[in-house]
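> Structure, please.
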Amino acid sequence: MRHPLRSALTLVSSLLLLVAGLSMPTGPAAAGTGPAKGTIRLTVTAPEGVPATTWFVGRTRHVAAKPPAGSSTVVTMQVPVGAYVVPPVSSTIGGVRYVG
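Take a look at the predicted model:
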């Protein structure tokens, strides 16, 4: 039987790996206004009572989090267009290290 936190971390990491596919340009950037922005919508899922935080990095670095209340939350952000990845999440519970 898998530990619930490990399952949650694996799910969060799997969902966030889709970030590159979810990043959609909102339109061409006007000259001098900076890079084009895209919208990323993430669903962070973990068991009720368990907070979850994960990073995703690309052209910029961002964090998505879920508070202890509820089993999931949706985080929507405007970020520079590009490919983003989720580094493996590592947690130690009861002396056992989990990497999601």
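> what ranges do the strands span in this structure?
Under the criterion DSSP state E, strands of the chain are mapped to 24-25, 37-45, 52-57, 61-66, 72-80, 90-93, 96-99.
> buried residues in the fifth one?
Just to be clear, that refers to strand 72-80. Going by neighbour count (16 or more other CB atoms under 10 Å), the buried part of strand 72-80 is 72-73, 77, 79-80. (Glycine included, C-beta is placed from N, CA and C.)
> If I take it and strand 37-45, what angle do their directions form?
With axes from the mean of the first three to the mean of the last three CA atoms, to 10 degrees defining the directions, strand 72-80 sits at 160 degrees from strand 37-45.
> Ok, the fourth one next?
With the same axes, to 10 degrees as the basis, strand 61-66 and strand 37-45 are set at 40 degrees to each other.
> Neighbouring strands - and their directions - for strand 61-66?
Partners of strand 61-66 in the sheet, by DSSP bridges, are strand 52-57 (antiparallel).
> Please put the alpha-carbon coordinates of the partner strand into PDB.
Extracted in PDB, the C-alpha atoms of strand 52-57 (Å, rounded to 0.1, in the frame of the first residue of the first chain):
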ATOM      1  CA  ALA A  52       1.100  20.800  -0.500                       C
ATOM      2  CA  THR A  53       3.700  23.200  -2.100                       C
ATOM      3  CA  THR A  54       5.600  22.600  -5.300                       C
ATOM      4  CA  TRP A  55       7.800  24.700  -7.600                       C
ATOM      5  CA  PHE A  56       7.800  24.900 -11.400                       C
ATOM      6  CA  VAL A  57      10.700  26.500 -13.200                       C
END
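> looking at the sheet around Ala64, what are its partners?
Beta-bridge pairing of Ala64 under DSSP bridges involves Thr54.
> Could I get the contacting residues of it?
16, 42, 44, 53-54, 56, 75, 77 (CB atoms under 8 Å, 6 or more residues apart in numbering).
> try it again with 7 Å
42, 44, 54, 56, 75 (CB atoms under 7 Å, 6 or more residues apart in numbering).
> Could you do Arg61 as well?
Trp55.
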